[in-house]
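> Take this sequence and fold it.
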Amino acid sequence: MHLYLGQNPRTIYLVTGPQDERQGKPSKALVFHAAEANEAQVTVEFLPRREVQLGNTVPLTNRVVKGCLGLISVDSDTFLAVVTSAAELGNTRPAESSPECVGKIHEVLFFCLTSSTWDDFSGSSDTILNPDMADNMMSRDNYAGNNTQSVFEHPCLPLTKILSSGSFYYALHPHWDISSRLATRLTRDRHSKTDLSTFDPRFIWNEYIVRSLLDFRERLDPLEREDLDKCQFIILAIQGYVGVFTMALPAPPTNGTPTVATLTLFSRLGWKRAGTRFNTRGVDDDGNTANFVETETILSTDQHSVSYTQVRGSVPLFWEQQGLQTFGHKIQITRPHASQPAFERHFQQLMEEYGAVHVINLLGSKENEATLTNAYANHLQAAQGIWQNDLSVTHYDFHNAVRIGGHENIVRDLRRIEIINDNLDRYGFTMCDLSTSELVTEQRGVFRTNCLDCLDRTNFIEDILSRKALEQYLTLVRREWVQSVALWTHHRELWAENGDALSRIYAGTGALNTSFTRTGKRTLAGVLSDATKSVSRAYINNFQDKGKQTAIDMFLGNLSNQRQVSIFDPIHESVRRALEQRRSEYSSTKSCSIFVGTWNLNGRSPGENLIPWLFPRDSMAEPDMFVLGFQEIVPLTAQQIVQTDPEKKRAWENKIMDDLSRRARKACDYVILRSEQLVGTALIVLVRSELTATIRNVEAATRKTGLRGMSGNKGAVAIRLDYHDTNFCFVTAHLAAGHSNVEERNADFHTITDGLHFLKGKTINSHENVLWLADTNYRVDLPNETVRMHAQQDNYDALVAADQLRDAVEEGSVFQGYDEGPLLFRPTYRYDVGTDDYDTSEKMRIPAWTDRILFRGHFDLAVYSRAELRSSDHRPVFALFRTEVRIVDAAKKAILSRLLLDSTLQSTNNEPIDEKLASLVLSADVVSLPPPSSEDEAWWNKPEHPNGHFPITTYHLAPMTSNPFDSDDSPGSYSPSSSDEELYTHAMGLQTPIVPVQATARKPPPPPPPSRSRNTSE
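You can find the predicted model right below:
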């Protein structure tokens, strides 16, 4: 196919060519042009080739286009991503009636739909990128934020580097799905096997940019959809590694003709927690882990296809590595008390997909890796109470075993570990009979292997397990093939290439230990090569990967300010607007109480009882959340600024937990959800233990402001989270000191708000609810004696009138859009330690309200005051907030969306769409569910749900004859509610989604019915 550009309006044509038509593809064109009213919206047409006039167009590239990856919006322009160079790797199952060939992408180019600015750049590139060159570019260049880059650099260049790196693959024929393993493909029904929209959503990397085209495809009639698929205009790509070798195996004694076998290795890298080595670790709240890879070995002969699947992934806890990482790993477990829900979600997903899971943990027993291993073991032990024998684990110190007996010792040890061999036999492999394309046996479990990076050590172990699984099959069908030199040579080469490919993606260099994988022995050249790779990794991962991470997040749609490109569709746009207006019908709210406190500790160690601060009122109910900010948690010395001691923060965490555990009338337990420290500034968030399963996407970030952003003696720490479907951001800060340094403090505020970034482009201002709890250092502009007199007399109005922060807010210099409670307590700074006397030292500092709490969002302030703790020269300040969090019922939302869409499609030409959408009512029984299962019985075994089938109630469309909220003489279209009070009352009446709680050991329920074929369309 070829790519052409037309003008007036600017249009890009993707057109099949004579070569495509000779291969049996229809003569068609896919036509794109930008929508005038919306920069992130395009119009797409699928037309016969003869209806497209190309006389006034020009070719955008001289190369034959392989297909389209999707549409993306970058810097207010919309780009079409097309594959312009790819190589065929071979047929992975030659004996199958339909070929299953794989293409390796070598070059992707982006062509602009909205501007001619980048035409010269795109059109003049006629040299195909060598994959090795692309890898070097990825290793050397920054991906984003490079201040030295040319102003004429193509905005999609970082994406081009990633997609042209030789790590992306696609199916060369539309009838098979490269993203799914063999067992899944074979169990699908006939239609699903050849449906482009049926794929494994975990592994299609361009799902974000191709989604609009897939939705466009779904709206075509069946014949047009079939033609679109035959043209292969749309490409679905996986990232990872695919290798194919074809060889001759010894002949059977009957006829002497050798058997031709094909050995294929697929590694499918998951994208849901994608990123580079030090930027993406551990698990997210949905159970997705960093560097998650499904690796499938397929051996195909003229009789059978045999598949064996393994997975790898980062340790599924909340952990990260911050700061400069050299050859020692500084590991921080960020949510040690709140990881179990996400941990269990991860293993639940694995078991639903693969069956039983055996974990092989290769982490060491020294220093940081031991900390991670111990936490991993504790979480696994808790999870085994749920899944019993379906979840097992082997802890194996890989490095220690190599030190004792070399790499050969690993192979011997694995053959001796009884539980691994038992599970190899228990899980088996997948085998299908090629004469009938039916499954003979299916793999019933999976090994999940990990080390720290899930690269070198993990690849070594997976290679061994893959060989053992193939030996199982060969022993059953052709025992002499077990001794085939060609087979195992190719097997070793595939696994060595696999290790290098996955390591380049995640760490920037090839894998370590691959010399042993290839040859079966350790050589001096291999040792030197590994040393070089280790040094290169340290440099790339510390200094270049953040830009690459930004490019990955852009491609996956993870940046908070990104807009997904949509294809103009007035019907779906009307449904989207109606759905947003009727949010109360598929969501509910619940109350939430948050205690917020800030205290400058002056470097003091914990001593006083904190209950007068944390529970200042005897009648105070236990809040859902404590948000505690500290400044000067350590003395601000040069040594602490260079290398901060975390022990002080841990001591205060222990003190807080001890005092909370000993409080009177204790009715709940609290856990530390997340804490973070920047030199003397620290932020600690505690939540009720039962709420940890409903809080997700917890992240921390810091921003230095001292010495113009170079020093952390001043700065901010922030933690953001999603509680149900409402987001919060908490910021504690220590701004510039000095009575007259108002401008410096203002500048610090803007440095923090502009420069503090969370993952995926989120900032403080991108959150719905924000709380600042800080030592702002703003002073009172009155003489010292006057301030002290007013303070002693509790004459706060005179002091507030001279408060620097209030003046700055009124001028619009800082905290625009924020509120603060009334200052009805004495200034909190500065006291003689241990007394109620303001500063009597030589400096005699002027008392001031330096310690403040400000808020923006949906908060009701109940209390704003200070506590009388005297161990510091500041008094702690606290506030108690009440707010509402929204809980979206995804099932109700999906059903309402479907109802609105179906009704819109049935609208008559003279009936306004908006009025019809407003008149529809979601039936009360449309989401009725069976009663929950108990330990003794399961709903899927009851006669009304035979074999686990649950019929979805047909939509009950009940158009209202009149609007109950309108007066009789004032007709108008129906609105779901006419006031906030009615909306709230209606939402409270809805069924509330079940709130997940931390799992405890329980008797397993009866087994579910056999799984049916999966038809995934996302």
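
> and Thr786, backbone torsions?
Here is the backbone geometry of Thr786 (degrees, to the nearest 10): phi -70, psi -40.

> same thing with Ser365?
According to degrees, to the nearest 10, Ser365 has phi -110, psi 20.

> Around it, how many other residues sit close by?
Using other CB atoms under 10 Å, Ser365 has 12 neighbouring residues. Quick note: C-beta positions are derived from backbone N, CA and C, even for glycine.

> Report pLDDT for it.
For Ser365, the pLDDT comes out at 83.

> isn't it right next to Leu372, touching?
No. Contact criterion CB atoms under 8 Å: Ser365 and Leu372 do not qualify, at 10.9 Å.

> For the residue nearest the centre of the chain, which non-adjacent residue is closest in space?
Nearest to the mean C-alpha position of the chain, by CA atoms, centre = their mean, lies Arg273 at 4.2 Å. Excluding the flanking residues, the one nearest Arg273 by CB to CB, 6 or more residues apart in numbering is Asn288, at 4.2 Å.

> Burial check on the one you found, number of neighbours?
Neighbours of Asn288 under the rule other CB under 10 Å: 21.

> Glu369 against Lys330, yeah?
No. Using CB under 8 Å, Glu369 is not in contact with Lys330; the gap is 11.6 Å.

> So for those two, which sits in the more crowded spot?
Neighbour totals were compared for Glu369 and Lys330, and Glu369 leads with 20 against 14 (other CB under 10 Å).

> Check which helix or strand that one maps to.
Applying DSSP states H and E as the criterion places Glu369 in helix 367-387.

> In that helix, which residues are buried?
368-369, 371-373, 375-376, 379-380, 382-384, 386-387 (16 or more other CB atoms under 10 Å).

> Show me how the chain divides into domains.
1-124+154-234+543-568, 236-522, 587-888 (the TED database).

> Which one of these lies nearest to Asp902?
Asp902 lies closest, by CB to CB, to one member of the domains of the chain: domain 1-124+154-234+543-568, at 13.5 Å.

> Looking at the closest one now, give me its mean pLDDT.
Mean predicted confidence for domain 1-124+154-234+543-568 is 89.

> And for stretch 578-591?
90.

> With just CA atoms, put it into CSV.
Output in CSV follows, covering the C-alpha atoms of stretch 578-591 (Å, rounded to 0.1, in the frame of the first residue of the first chain):
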residue,chain,number,x,y,z
ALA,A,578,-25.4,12.3,28.1
LEU,A,579,-23.4,9.8,30.2
GLU,A,580,-21.4,12.6,31.9
GLN,A,581,-24.6,14.5,32.7
ARG,A,582,-26.2,11.4,34.2
ARG,A,583,-23.2,10.5,36.4
SER,A,584,-25.4,10.1,39.5
GLU,A,585,-27.2,7.2,37.9
TYR,A,586,-24.1,5.0,37.9
SER,A,587,-22.2,6.3,40.9
SER,A,588,-22.7,6.9,44.5
THR,A,589,-20.8,8.9,47.2
LYS,A,590,-19.6,8.1,50.7
SER,A,591,-18.3,10.5,53.4
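
> Sort out which residues of it are buried, please.
Counting neighbours by 16+ other CB under 10 Å, stretch 578-591 gives Ala578, Leu579, Arg582, Ser584, Glu585, Tyr586, Ser587, Ser588, Thr589, Lys590 as buried.

> what kind of secondary structure is Arg788 in?
Three-state assignment for Arg788 (DSSP: H, G, I helix; E, B strand; the rest coil): helix.

> And the strands in the stretch 751-900 of the chain, which stretches?
769-775, 851-856, 860-866, 877-888 (DSSP state E, counting those that start in this stretch).

> How about residues contacting stretch 651-668?
Stretch 651-668 is contacted from outside by 601, 605-606, 609-611, 614-615, 622, 626, 628, 630, 633, 669-670, 672, 675, 682, 684, 686, 688-690, using CB atoms under 8 Å, 6 or more residues apart in numbering.

> Could you rerun that using 10 Å?
Residues outside stretch 651-668 that contact it (CB atoms under 10 Å, 6 or more residues apart in numbering): 337, 599, 601, 604-615, 618, 620-624, 626, 628, 630, 633, 669-672, 675, 682, 684, 686-691.

> Okay, and which of these map to strands?
Taking DSSP state E as the definition of strands, the contacts of stretch 651-668 contribute 599, 626, 628, 630, 670-672, 675, 682, 684, 686-688.

> Could you dump those into TSV with distance to Gln562 and neighbour count added?
Shown next, in TSV, are those (distance: CB to CB, whole Å; neighbours: other CB atoms under 10 Å):
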residue	distance to Gln562	neighbour count
Trp599	38	30
Phe626	34	22
Leu628	33	26
Phe630	35	28
Tyr670	36	23
Val671	33	18
Ile672	32	19
Ser675	30	25
Ala682	32	25
Ile684	32	26
Leu686	33	25
Val687	30	26
Arg688	34	19
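
> quick one: which of these is nearest to Asp851?
Among these, and counting by CB to CB, the member closest to Asp851 is Trp599, at 7.2 Å.

> how near is the closest residue to Ala469 other than its chain neighbours to Thr441?
Distances taken as CB to CB, 6+ apart place Tyr308 nearest to Ala469, at 4.0 Å, with adjacent residues excluded. Distance check for Tyr308 against Thr441: by CB to CB, to the nearest Å, it reads 12 Å.

> Find residues that contact each of the two.
Contacts common to Tyr308 and Thr441, judged by CB under 10 Å, 6+ apart, are Gly428, Phe429, Thr430, Met431, Tyr473.

> ok now do the third one, which residues does it touch?
I take that to be Thr430. 181-184, 186-187, 296, 298, 305-309, 439-444, 473.

> any idea how far it is from Thr694?
Thr430 sits 38 Å away from Thr694, going by CB to CB.

> Isn't Gln677 up against Ile684?
Yes. Gln677 is within contact range of Ile684, at 9.2 Å (criterion: CB atoms under 10 Å).

> out of Tyr308 and Thr441, which sits in the busier spot?
Each of Tyr308 and Thr441 has its neighbours counted (other CB under 10 Å); Tyr308 has more, 28 against 13.

> Glu21 falls within a helix, correct?
Yes. Assessed with three-state DSSP, Glu21 lies in a helix.

> one step back: packing partners of the helix holding Glu369?
strand 319-320, strand 332-333, helix 340-354, strand 356-361, strand 391-395 (3 or more CB pairs under 10 Å, 6 or more residues apart in numbering; DSSP states H and E).

> partners of the last one, with directions?
This points to strand 391-395. If you go by DSSP bridges, strand 391-395 pairs up with strand 356-361 (parallel).

> on that earlier part again, now the angle between helix 340-354 and the helix holding Glu369, please.
With axes from the mean of the first three to the mean of the last three CA atoms, to 10 degrees defining the directions, helix 367-387 sits at 70 degrees from helix 340-354.
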